[in-house]
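how would this look folded up:
(one chain, ligands or ions: 2)
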Amino acid sequence: MIKYQKSVIVTKEEIETAVNGLAKQLNDKYKGKEVIAIGLLKGAFVFMADVIRQLDIDVQVEFLIVKSYKNGRTNGKPQIVLDLKKGITEKNIVIFEDIIDTGRTLAAVKEYLKYKGAKDVEIAALLTKPSRREVVVDIDYSLFTIPNEIVVGYGLDYNEYGRQFSNIIALNDAGIEELKE
Ligand code: IMP
Ligand code: MG
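Ligands and ions are numbered 1, 2, ... in the order given. Have a look, this model is predicted:
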């Protein structure tokens, strides 16, 4: 039992099954095509690494850093702080995101990638917290819907704590308080 764990929200076995299913859907949909997988750092790095290793289509990997969170709260204005190395004009993009909360990060990223000339932009989200949504986002692949908890593990953090856990866990009140920045 991890000190700051309130409950297990998604087990590593459940993640593995869902990741396999997503990879299969992407292999079917993009058969014979090229895809650029864009991971939103840091949270999506584990998720994207697991999915792309099961793809048998032509895939390139890029990353974006989008910042807006501190102490589990958004400031509402996502900033893109690491840009893409190559152009994406007329490319098929799949964005990998750890969790969709208010929806503001993805709305900003999707708009940015379209402005950069992408042909098609799909969104693959590991988790979604629909109760917190503030803007509408069209999520193409969403693996787990979770309650309004602060969760960590499988790449997700709370002020950099918890990225290494294999399960996705909800933090208890002590963790939320003691890990505050
Ligand atoms: P949105 O712009 O509110 O949709 O924020 C999405 C981003 O917030 C995600 O990429 C995460 O980095 C972060 N986030 C939201 N909720 C959580 C959580 O419970 N744990 C860890 N990160 C979270
Ligand atoms: Mg994130």
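
switch to C-alpha atoms for all contacts and neighbour counts from now on
OK.

start to end distance for stretch 122-139?
Separation of the first and last residues of stretch 122-139 by C-alpha to C-alpha, to the nearest Å is 7 Å.

list the contacts of that stretch.
Applying C-alpha atoms under 8 Å, 6 or more residues apart in numbering, the contact partners of stretch 122-139 are 47, 93-104, 106-107, 140-148.

whichever of those residues end up buried, select them in ChimeraX.
Buried residues within the contacts of stretch 122-139, by 16 or more other C-alpha atoms under 10 Å, are selected in ChimeraX with:
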select :47,93,94,95,96,97,98,99,100,101,102,103,104,106,141,142,143,144,145,146
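
which ones among the contacts of stretch 122-139 lie within helices?
Among these, the residues falling in helices (DSSP state H) are 47, 104, 106-107.

and those residues as JSON lines, adding distance to Ile15?
Shown next, in JSON lines, are the ones in helices among the contacts of stretch 122-139 (distance: C-alpha to C-alpha, whole Å):
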{"residue": "Phe47", "distance to Ile15": "9"}
{"residue": "Arg104", "distance to Ile15": "25"}
{"residue": "Leu106", "distance to Ile15": "22"}
{"residue": "Ala107", "distance to Ile15": "25"}
